[in-house]
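1. mind folding the following:
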Amino acid sequence: MLVIIGTIRLPAERLDEARPAMQRMILGSRTEPGCIDYSYAQDVLDATEVWSDREALDAHFRSPHIADWRASWAALGIGERNLMLYEAGEPKPT
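-> Just a heads-up that it's a prediction; the model follows:
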């Protein structure tokens, strides 16, 4: 399982404008094979993606909805992107 945790910064006053593009990205990503979870949070320090494996993640990077999302960044003022990829085992109850 692959977990991506990171930040995407955009000006606070552009958040409402960004929501439709973010919603399309989330809904498109969640339909992809291998996507276990995909979400954004207004507190972007808590944003996560969870994918089953690298093959599924690489396919996601080639998807039309991610191309559309990235194309919207300049207009939305998104200038910083910092994502970290972690490989994790299966979750276990504690």
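2. lowest-pLDDT helix or strand in the protein?
-> Each helix and strand of the chain was given a mean pLDDT (mean pLDDT, DSSP states H and E); the minimum falls on strand 47-51 at a mean of 73.
3. shaky segments in the chain?
-> The chain contains residues with pLDDT under 70 at 43-48, 94.
4. in it, which spans are strands?
-> Taking DSSP state E as the test, the strands found in the chain are 2-9, 35-38, 47-51, 80-87.
5. list the buried residues of the helix ranked longest in the chain.
-> In the chain, assigned by DSSP state H, the helix with the most residues is helix 15-30. Buried residues in helix 15-30, counted by 16 or more other CB atoms under 10 Å: Ala18, Ala21, Met22, Met25, Ile26, Gly28, Ser29. Where C-beta positions appear, they are placed from N, C-alpha and C, glycine not excepted.
6. kindly report the same for stretch 67-81.
-> Buried, per 16+ other CB under 10 Å, within stretch 67-81: Trp69, Ser72, Leu76, Ile78.
7. return the member of those residues nearest to Glu87.
-> For those, the residue nearest Glu87 by CB to CB is Trp69; the value is 24.1 Å.
8. go ahead and confirm Trp78 touches Thr7.
-> Not quite, residue 78 is Ile, not Trp. No: if you go by CB atoms under 8 Å, Ile78 and Thr7 don't touch, sitting 10.5 Å apart.
9. once you drop chain neighbours, what's closest to Arg9?
-> Nearest non-adjacent residue to Arg9, counting by CB to CB, 6 or more residues apart in numbering: Glu80, 4.2 Å away.
10. for Ser72, see how far away that neighbour is.
-> 15 Å (CB to CB, to the nearest Å).
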